[in-house]
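Participant: Predicted coordinates and the sequence they were generated for:
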Amino acid sequence: MQRRTFLAGAGATLAAALGMGSWPALAAKVSLDDVLHDPDAPEGGNPKGDLTLVAFVDYNCPFCKKAEPDLARAVREDGNIRLVYKDWPILTQASVYGSRMALAARYQDGYERAHRALMSISGRSVSQEDMEKAIAAAGIDMPRLKADLDAKAKDITALLARNMDQADALGLQGTPTYLVGPLLASTLDYDGFREIIAEARRQQAGDSK
């Protein structure tokens, strides 16, 4: 598999990566529940899945784009993964614009369509205009989206700020970063997703005994 990186070493837990004995407090203002269960964070996969996978991504990140089809395939084929999306626009101003549009699309149940449309655009420095065209082509109601961008601006800004706080608390260094059960991982391909999903389930099963 290419560019697979388990951030604190293969099989390392989040607690170990953070130098902690357990998950209770990532930082003074951030808890594990904040990361896994933000009510405003878009979700995919199986909402009742036995494993949660959290994806921190940026729409101008080439590695995020390359991994997106493999992530979608792994989640779809597994059928028992709850996928939580964390828009973390850290690369360009257009990244922020893309995240705001994707999150605004959530108000018309179109987040995943917008997300995949943005991830499908080739190149490292995608313009705002190209992002708008891609989202429109995905069937998103653009007049409504722009209305929601204005009406929900404070809520969207607050969510992006929480995502940033969570990434900082976790000590994340860049995109993409995936939290898979108790494990942290960077860029993965399809085989890498399958491997870390299996390892996360093994560790969860061990913890439950």
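Facilitator: Noted; the coordinates are in hand.
Participant: only C-alpha atoms for contact and neighbour calcs from this point on.
Facilitator: OK.
Participant: ok, the most centrally placed residue in the chain to Q203 distance?
Facilitator: Closest to where the C-alpha atoms of the chain average out (C-alpha atoms, centre = their mean) is A55, at 2.4 Å. Here the criterion is C-alpha to C-alpha, to the nearest Å. By it, A55 lies 19 Å from Q203.
Participant: So, low pLDDT: which residues of this structure?
Facilitator: Where the chain drops to pLDDT under 70, the residues are 1-28, 207-209.
Participant: and with 50 instead?
Facilitator: 1-25 (pLDDT under 50).
Participant: As a check, name the ranges of all helices in it.
Facilitator: All helices of the chain, identified by DSSP state H, fall at 14-17, 32-36, 62-78, 93-105, 111-119, 128-137, 142-151, 153-170, 190-207.
Participant: I'd like the distance between G98 and P182.
Facilitator: Counting by C-alpha to C-alpha, the gap from G98 to P182 is 29 Å.
Participant: more crowded one of those two?
Facilitator: G98 (28 against 20; other C-alpha atoms under 10 Å).
Participant: Now do the contacts for the more buried one.
Facilitator: Y59, L118, Q128, M131 (C-alpha atoms under 8 Å, 6 or more residues apart in numbering).
Participant: Just confirm the last one contacts L118, I think it does.
Facilitator: Yes - the pair M131 and L118 qualifies as a contact (C-alpha atoms under 8 Å) at a distance of 6.1 Å.
Participant: Compare these two and say which one has the larger neighbour count.
Facilitator: Per other C-alpha under 10 Å, whichever of M131 and L118 has more neighbours is L118, with 27 against 23.
Participant: Pairing partners for the nearest residue to E43 once chain neighbours are set aside in the sheet, please.
Facilitator: Nearest residue to E43, sequence neighbours excluded (C-alpha to C-alpha, 6 or more residues apart in numbering): V84, at 4.6 Å. Beta-bridge pairing of V84 under DSSP bridges involves E43, V54.
Participant: Let me see the contact set for V84.
Facilitator: Neighbours of V84 in contact, by C-alpha under 8 Å, 6+ apart: L36, A41, P42, E43, G44, T52, L53, V54, A55.
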